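Got a predicted structure here, sequence first:
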Amino acid sequence: EAHNTTACLITKTDTNPFFVKMKEGATAKAEELGITLKTFAGRIDGDHQTQVQAIETCIADGASGILLTASDTGSIVPAVQQARDQGILVIALDTPLNPIDAADATFATDNFLAGELIGQWAAATLGEDAADAKIAMLDLGVSQPTVGVLRDQGFLQGFGIDLGDPNKWGDEEDDRIVGNDVTAGNEEGGRRAMENLLALDPMINVVYTINEPAAAGAYEALRAIGRENDVLIVSVDGGCPGIANIADGVIGATSQQYPMLMASKGIEAIAAYAKDGTKPEPTEGKDFFDTGVNLVTDKPVDGVESISVQEGTDRCWG
Amino acid sequence: MTIQPIVQGRGIVKRYGHVTAIDHADFDLYPGEVLAVIGDNGAGKSSIVKSICGAVIPDEGEIKIEGKPVHFTSPLDAREQGIEIVYQQLALSPALSIADNMFAGRELLKPGIRGSLFRQLDKKRMEDFAREKLTELGLMTVQSINQAVETLSGGQRQGVAVARAAAFAKKFIIMDEPTAALGVKESRRVLELIQDVRSKGIPIILISHNMPHVFEVADRVHIHRLGKRHAVMDPKSISMSDAVAIMTGAMEPPPVEQQQLTPKAA
Amino acid sequence: MTIQPIVQGRGIVKRYGHVTAIDHADFDLYPGEVLAVIGDNGAGKSSIVKSICGAVIPDEGEIKIEGKPVHFTSPLDAREQGIEIVYQQLALSPALSIADNMFAGRELLKPGIRGSLFRQLDKKRMEDFAREKLTELGLMTVQSINQAVETLSGGQRQGVAVARAAAFAKKFIIMDEPTAALGVKESRRVLELIQDVRSKGIPIILISHNMPHVFEVADRVHIHRLGKRHAVMDPKSISMSDAVAIMTGAMEPPPVEQQQLTPKAA
Amino acid sequence: MSETASKGQDYESSLSKATASVAAFEKRKGLVPQIQSALHATPALVPLVVLVLSIVTFGVLLGSKFFSPFALTLILQQVQIVGIVAAAQSLVILTAGIDLSVGAIMVLSSVVMGQFTFRYGIPAPISIMAGLMCGTLMGFINGWLVAKIKLPPFIVTLGMWQIVLATNFLYSANETIRSQDIEAEAPMLQFFGNVIQVGSARLTFGALFMLLLFVLLAYILNQTAWGRHVYAVGDDKEAAELSGIKTNKVIITVYMASGLICAFAGWALIGRIGSVSPTSGQLANIESITAVVIGGISLFGGRGAVMGSLFGALIVGVFTLGLRLLGADAQWTYLLIGVLIISAVAVDQWIRKASA
Amino acid sequence: MSETASKGQDYESSLSKATASVAAFEKRKGLVPQIQSALHATPALVPLVVLVLSIVTFGVLLGSKFFSPFALTLILQQVQIVGIVAAAQSLVILTAGIDLSVGAIMVLSSVVMGQFTFRYGIPAPISIMAGLMCGTLMGFINGWLVAKIKLPPFIVTLGMWQIVLATNFLYSANETIRSQDIEAEAPMLQFFGNVIQVGSARLTFGALFMLLLFVLLAYILNQTAWGRHVYAVGDDKEAAELSGIKTNKVIITVYMASGLICAFAGWALIGRIGSVSPTSGQLANIESITAVVIGGISLFGGRGAVMGSLFGALIVGVFTLGLRLLGADAQWTYLLIGVLIISAVAVDQWIRKASA
Ligand SMILES: Nc1ncnc2c1ncn2[C@@H]1O[C@H](COP(=O)(O)OP(=O)(O)OP(=O)(O)O)[C@@H](O)[C@H]1O
Ligand SMILES: Nc1ncnc2c1ncn2[C@@H]1O[C@H](COP(=O)(O)OP(=O)(O)OP(=O)(O)O)[C@@H](O)[C@H]1O
Ligand SMILES: OC[C@H]1O[C@](O)(CO)[C@@H](O)[C@@H]1O
Ligand SMILES: [Mg+2]
Ligand SMILES: [Mg+2]
């Protein structure tokens, strides 16, 4: 019965508000459905072994299902397989496994699409000036994790830049890219990376950021030299501070993701599976369940669908 | 008329793992005297004086200072009572200068607001003092008073430790082989210093393997053997050669009546 | 007929920052002799013997061993030539046992395949050897041969260092104040040991502040003063008191002809 | 001899009569002194006691969920990588060094093993040899810089960490080699993933390798000259040099051994995670140092027993699994592990003191 | 006195005539010996030389892009947080300790400042005081465990790192307080972000605070008794204790000072990134230790000058910006910084040797 169903949530870290919200969402839903939820997290983004250990613990613990945001999408597969062999339902959240069907289901944002949306928005906003834009790319880390690559390459594609190898960033030849730097996805890293690229070329006018904390840091760096008003910053996430930053003109546009939805859908799927063994179905036409992504901006452009700041605020997560 | 001992230890035991360093030893130091402690290597001399000053905590036994039982848990406790020690291993901070070492824990501050408010050290005064003390000990080859102690020669280091203890003691001084590394001239100065200190009424415990030195300055000689107090003799009534014989086990100690467990009435 | 010196140093200079420890000093050790080196604290005695064995690299000057110029850059070089040193600071590894220290770098392996293939140490043989050597030095209070050196008394430690050097030297031995921490009995054993070693034809450099010891065993006395070789005397033709006077600067050294720069023809 | 001399010694006349018997102090009997003696002689017993105490505690709290062959061997599997790396780290720390590059060397070695096989089509055994040599070479560079250029180990291995990690990313292009492909084409890379199943207990080859490695190192450190030299160098390098030990050679070989062991850890890592992943092992340095320190080896070198590091790694493993099974969430688990690490070492300290 | 005694001393008769003049060795003149002397007396000059060399090198390579007031003050801004934390770390390392919890304490303190103001509506100055006290308290716990319970600093601060970070997340629920809100409601939290602009040079209050802090610490360490005791404790704790220094008190106050300085770093962090973000500072411990070691302070305690750590932090800052400006990409920059850190310390070592 439901009340003795155990589920596990394994996130990349507990430090990123995105995962904190995901955990809150899962916890609330689990409580509602009477499921015991155990949560695990790596210490840093990329802490793969802790996630393997967490899966093993869940197996030992007799869990019915595991929700997983994998730090290392390829390497986690054998551990996932081991869990599935024990009859545990494994659902990838946020980050697809490699191959994607290594999990029973995937509930995620389409990260490439998220990047593409902000890329298109930026290009459209600049109009003709897009041809001689100066772009700063603020990425996640030197190990080039998949989410980071997908968003970065999606952005460039949306902006109309030739990707080179779409599996890595930094190999593009386009002169409009001033440079890539890494931010660790937080404010301090965002500011430093922005400063470094500004020193390289103070006339940067488009900034792609991996997430909103990095965007906030980049903004501080621009503000410090008084250029905060002539630069377009775009980002991904749609957290409440990020949306508020759009309202305040800090960020031009962001692609909003829905972690609470991923989490609650995930818990529901586990509950259903525990009850009668049904497994969730992917979104039609995709190999994963798309939890959706929306471009949030108060300066909509033609040809790129977006929602308003108000709508974004209603749906933001933390 | 019995005089009260400054230090009285009874039945002191100290073990390290299964090694027994002090084996129910007694100890007495009386006012105004130089008490020499002699014994073979490893007899337990250093261990017993360390027990007295809190550098080592004995497993059993009782120690009284001026009649009051004490339980020092750190040499700081002893030092606060005006007890100074020259350790056999010197206990100097190698990377610090001579003056820093000499004044560790009792630094002099600059006069006026620079001292009282800004806590600024009076380096000049401390260095002058240090140089003066070393010169008194005949250690004139110290080329720079700012040298780190680790760059001093063996004897120079020992000089720093001796000078420090002598300069600050109020109640009594323990010197564990203070002249071991010193030259002829410098050793002579230390012996003079010991006599100076005694003449100020401050008693001294002197551990030494140098029999002529011991017999020159000691008022009583505590002979330590195999972790115990074996005998206490009057250096004027026993020959060096007999003292050595008792210390090494070649001769039995005389009966207690012929020993000098308390000093002669002053 | 001139005999070739075992060690010949000329114009050796060693500076530390702006401190000059050795100031154009000369040095000679001849076959089969005990050469004592005496001098005030800080005169440069330890520095000069360290320069000879490679523990310190001199800034200037030339050193020859058996007539061949050498440029040791580490004491290992000296040791490979059969030179052993008892350092004033002992150079023992505190956390290791007595036997480990004694055999550092020349351990004994178990016989047979356990030694040749599995490189297993013959602990028993090393411990027995160590205990035997310490007992020979009269250090009978060492309670466990497996004690870490840091748990030994000051004298016991020195005994370990002396025993090590004496046991392994082939060409010559340098002893920097080997009896400083030793008791009467143990010091006597070391003096006997020195004479033993000399009788085996191995020369010894003995640094000591103990004049009676020096005059008892030395064949020649090198007097060091202010970083220089000040004089070299025959202990049989000079009184201790004159030697001390020269060493401390109270008396001028005699002219070179009256010194003993080379040993008397054997 | 001069007259003064013989006079100076006349008080020694009695020495010939001095007793020649060896000191005989009172010997102590009883259980407590015996335990004290044992702990004194074998310092690695202390973390072992802490380990047993923690297993018992979680066993009582969690019952058979924890105290089962399955869960206990699971801990072994979970600590195997950290354990192997901690063995390498122990060697380095015993010389008063530190190796921050262990994780990077491990990962680069495993990437070399994988890429040589899959990118260049070299047979797996040769690729594995290449990986092991790569680790040893990185170790050699570390050791050479520490011993010959006399740079602080912290800086050398910090620099190497960055260099090796970046090389790893650049060389591998961040590509993961998937488990399925390895299984199909070069199963030898997954050798350490093989399992000996006894009932519900699952011993992987990797876990066994870890145990054997510790036994081997304990033998080497205690029973061979090189082992004693490792201690001497860490204890007081200068004294070791003066007393005739080739300290530079010892240091270089220690870092080489560390590199080689890390390369083995890289191989075991492939067995553990199935795939070759360039992003693993980012916390290996801090985790291995933690195991070493909990195991009672001093960061100042020269003191402690290598077995302690095994127990240290296991203690952390027991706490982690135990707390997770108790249902603490991630943040609470981290918080409690922090508390428990401090407590484990406090208990350790207390046992040491009581046994002093 | 007994006759034997006076006989034993008769060779000392000449001593009264011994010269009383102080040793006069040959004095050396010339530029080289003078430089050597200066480097000897002021060890922090060595990393300063390395810093100047690296600025000059990048200046030559990059011209005015790098060698401009703008770029040079940018470096100051970029290193300010690491620099402040490195000051705290220096104190701890001088006592032969290590503080892995610096980053966590910094972040928790800044979160306390922010949450007290925004969650509870407490006036900013009081919230800031609370944040500073929070840092000091964490430091006190570290110090107390190290000094009184005698636990290894590595373990204590590793445990505290986890505990403080977890507390931070549990307390803040990882909520960010936005820059715009702070600016509107409690600008004092951003105090250290204020800028003094002189031409194109931009000095933030945070950077100035860092510089002043180092000057203050250099004064304290060299000119006060407490400062000398810090060195003595790190040099040889036992000797310090035996010679009358209250070593426990020194250790506890050092960790408290470290905690307090980290709390200031937390405040400065708000100024730097504008917002209060619980995810910052994850690398602060390794970065601060790196600065300290490059600056020439020994991880074994007791040796080195605090100014060195400032230069150490700046050296890393110069390399990072310089390499980026040279156009190295992120991965290559990462690799080259590894190389440069090792080289910087090698040059440092070489200068030291040449000046010995
Ligand atoms: N920490 C320790 N652990 C084990 N044994 C110790 C320790 N300290 C001292 N001992 C042992 O205790 C005994 C007494 O040592 P102690 O230092 O008191 O001798 P001592 O009389 O001062 O000798 P010396 O004249 O050589 O200085 C010795 O056998 C020594 O080995
Ligand atoms: N590393 C160093 N740095 C600076 N000065 C040094 C260093 N080592 C020795 N000295 C100085 O060199 C001089 C000679 O020292 P050395 O140790 O050779 O004297 P010594 O004759 O052996 O004295 P002692 O009889 O006290 O052992 C001393 O003034 C000492 O302070
Ligand atoms: O660090 C990368 C991670 O950060 C997020 O964007 C949240 O801020 C996640 O979607 C992603 O997995
Ligand atoms: Mg002693
Ligand atoms: Mg000397």
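That came through, no problem. Everything quoted here is computed from the prediction, not taken from an experiment. Ligands and ions are numbered 1, 2, ... in the order given.

The residue of the stretch 1-150 of chain B found nearest ligand 4 and B:Y16, how far apart?
When scored by Cβ to the ion, the stretch 1-150 of chain B has B:S46 as its residue closest to ligand 4, at 3.0 Å. C-beta here means a position set from N, CA and C on the backbone, and glycine is covered the same way. To B:Y16, B:S46 is 12 Å away according to Cβ to Cβ, to the nearest Å.

The helix or strand where A:K29 lies - contacts with which helices or strands?
Per DSSP states H and E, A:K29 falls inside helix A:17-33. Here helix A:17-33 touches strand A:6-11, strand A:36-41, helix A:259-276, going by 3 or more Cβ pairs under 8 Å, 6 or more residues apart in numbering or on different chains; DSSP states H and E.

Let me know whether the first one sits next to ligand 3.
By that I understand strand A:6-11. No - figure legend: strand A:6-11 not in contact with ligand 3 (Cβ under 6 Å from any ligand atom); closest approach 8.9 Å.

quick one: is that strand near chain E?
No - using Cβ under 8 Å from any Cβ of the partner chain, strand A:6-11 never reaches chain E; the gap is at least 11.6 Å.

Paired strands for that strand, with orientation please.
In the sheet, strand A:6-11 lines up against strand A:36-41 (parallel), strand A:65-68 (parallel) (DSSP bridges).

before we move on, the earlier item: and the helix holding A:K29, what's its mean pLDDT?
On average, the pLDDT along helix A:17-33 is 90.

quick revisit: B:S46 and B:Y16 - which one has more neighbours?
For B:S46 and B:Y16, the more surrounded residue by other Cβ atoms under 10 Å in any protein chain shown is B:S46, and the numbers stand at 25 against 16.

quick one: the helices in the stretch 151-300 of chain D?
Secondary structure of the stretch 151-300 of chain D (DSSP state H, counting those that start in this stretch): helices located at D:153-172, D:179-185, D:205-223, D:225-235, D:237-242, D:247-273, D:284-294.

chain center to the second one: distance?
A distance of 31 Å separates the centroid of the chain from that of helix D:179-185, by Cα atoms, centre = their mean, to the nearest Å.

tell me what that helix is packed against?
Helix D:179-185 packs on helix A:77-85, helix D:102-118, going by 3+ Cβ pairs under 8 Å, 6+ apart.

ok, how many other residues are close to the nearest residue to D:P69 once chain neighbours are set aside?
Distances taken as Cβ to Cβ, 6 or more residues apart in numbering or on different chains place D:A201 nearest to D:P69, at 3.6 Å, with adjacent residues excluded. D:A201 has 16 neighbours, counted by other Cβ under 10 Å.

Return the residues in contact with D:A201.
Residues near D:A201 by Cβ atoms under 8 Å, 6 or more residues apart in numbering or on different chains: D:P69, D:F70, D:L72, D:T73.

Ramachandran angles for B:S97?
phi -80, psi 170 (degrees, to the nearest 10).

Which of the three states applies to the nearest residue to it once chain neighbours are set aside?
Closest residue in space to B:S97, ignoring its immediate chain neighbours: B:N146 at 5.0 Å, by Cβ to Cβ, 6+ apart. Following DSSP: H, G, I helix; E, B strand; the rest coil, B:N146 is assigned to coil.

tell me the pLDDT at B:N146?
84.

Any stretches of the stretch 151-300 of chain D with poor pLDDT?
Within the stretch 151-300 of chain D, no stretch falls below the threshold (pLDDT under 70).

State the distance from the residue of chain B positioned farthest from its centre to ligand 5.
Most distant residue from the mean C-alpha position of chain B: B:I113, 37.3 Å away (Cα atoms, centre = their mean). Separation of B:I113 from ligand 5 (Cβ to the ion, to the nearest Å): 45 Å.

Could you identify which of the strands paired with strand A:6-11 is most buried?
strand A:65-68 (a mean of 28; mean count of other Cβ atoms under 10 Å in any protein chain shown).

and it, average pLDDT?
pLDDT averaged over strand A:65-68 gives 96.

about what we covered before: so which of the helices and strands packed on helix A:17-33 is the most packed in?
The stretch of the helices and strands packed on helix A:17-33 with the highest mean neighbour count (mean count of other Cβ under 10 Å) is strand A:6-11, at a mean of 27.

Report the mean confidence score over it.
Per-residue pLDDT over strand A:6-11 has a mean of 93.

what angle do that strand and helix A:259-276 make?
Relative orientation of strand A:6-11 and helix A:259-276, computed by axes from the mean of the first three to the mean of the last three Cα atoms, to 10 degrees: 150 degrees.

could you give the angle of strand A:6-11 to helix A:17-33?
170 degrees.

The residue of chain A at minimum distance from chain E and ligand 2, how far apart?
Among the residues of chain A, A:E187 lies closest to chain E, at 3.8 Å counting by Cβ to the nearest Cβ. A:E187 sits 49 Å away from ligand 2, taking Cβ to the nearest ligand atom, to the nearest Å as the criterion.
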